[in-house]
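[1] My questions concern the predicted model and sequence given below.
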Amino acid sequence: MHPKLIKFLLVFFSLMPTWALALASDGEQLINIEADHAQLDNENKVTQYQGNAILTQGTLRITGDVITFYYDDNKHITKAVAKGDFAKYQQIYKLEEYPIKARALQMEYHAQVQKIYLLGKGHILKQGNKFSGNSIAYDISNNIIQANAFPVRIKNKIQSSAGKVHIVIQPADDNRGK
């Protein structure tokens with residue numbers, strides 16, 4: 001990798017805020033990205049990682065065939081998009097709790113509003129509770145999940161739904177589905 005690109009990425013990721021309201025220690029951890037190809041476009045404020053892309057930082061793990069970061073003039077992430085057969089997200093938000101896991105054909109994280117959008121065959125597993133739908137919006141700050149079975153557009157193609165929204169909620173005192 002070109003030395004200027006390496007220097008930029010080190011500065012870029014040192015300035016990057018934590019992805020969500022996760023463990024405080026996650027934001028203090030090194031960010032590690034692996035992929036078959038990396039591309040930096042300073043003019044358009046975009047970095048993209050292609051080919052089995054994996055991002056880890058503390059308990060955060062995001063995987064996808066392609067992960068694209070959009071950032072502002074201050075090098076803060078405004079949006080991240082992961083795509084793949086299934087883009088996956090996992091992170092622990094509270095000690096002694098199991099990680100929240102999500103997957104979809106396309107996953108978008110919007111940093112300023114603290115929301116994750118799962119488009120196409122979306123699934124979230126949170127403390128044994130399961131949410132499935134063709135489109136899911138997860139408001140991290142307010143802990144609100146909205147799911148629907150409507151068709152969504154991915155890569156300029158309509159991804160039709162496989163059915164209805166499906167939700168499984170565990171009894172309050174049951175710790176299954178960890």
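    Now that the structure is in, tell me what you want to look at. The shown structure was predicted, so the numbers you read here are calculated from the model rather than taken from an experiment. Residues are numbered from 1 along each chain as shown.
[2] Could you check which helix or strand contains residue 54?
    Applying DSSP states H and E as the criterion places residue 54 in strand 46-57.
[3] which residues of the protein fall in strands?
    Along the chain, the stretches classed as strands by DSSP state E are 32-34, 37-41, 46-57, 60-71, 77-91, 100-110, 115-126, 129-139, 144-148, 152-154, 157-159, 166-168.
[4] what would the ones you listed look like in a markdown table with mean pLDDT?
    What follows is the strands of the chain, written out as a markdown table (pLDDT from 0 to 100):
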| stretch | mean pLDDT |
| --- | --- |
| strand 32-34 | 90 |
| strand 37-41 | 94 |
| strand 46-57 | 93 |
| strand 60-71 | 92 |
| strand 77-91 | 90 |
| strand 100-110 | 92 |
| strand 115-126 | 93 |
| strand 129-139 | 92 |
| strand 144-148 | 91 |
| strand 152-154 | 88 |
| strand 157-159 | 86 |
| strand 166-168 | 91 |
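[5] Save those strands as a markdown table, and put in mean neighbour count too.
    Where you see a C-beta, it was placed from the backbone N, CA and C, and this is true even at glycine. Output for these, formatted as a markdown table (neighbours: other C-beta atoms under 10 Å):
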| stretch | mean neighbour count |
| --- | --- |
| strand 32-34 | 14 |
| strand 37-41 | 13 |
| strand 46-57 | 18 |
| strand 60-71 | 20 |
| strand 77-91 | 20 |
| strand 100-110 | 22 |
| strand 115-126 | 22 |
| strand 129-139 | 20 |
| strand 144-148 | 16 |
| strand 152-154 | 16 |
| strand 157-159 | 12 |
| strand 166-168 | 12 |
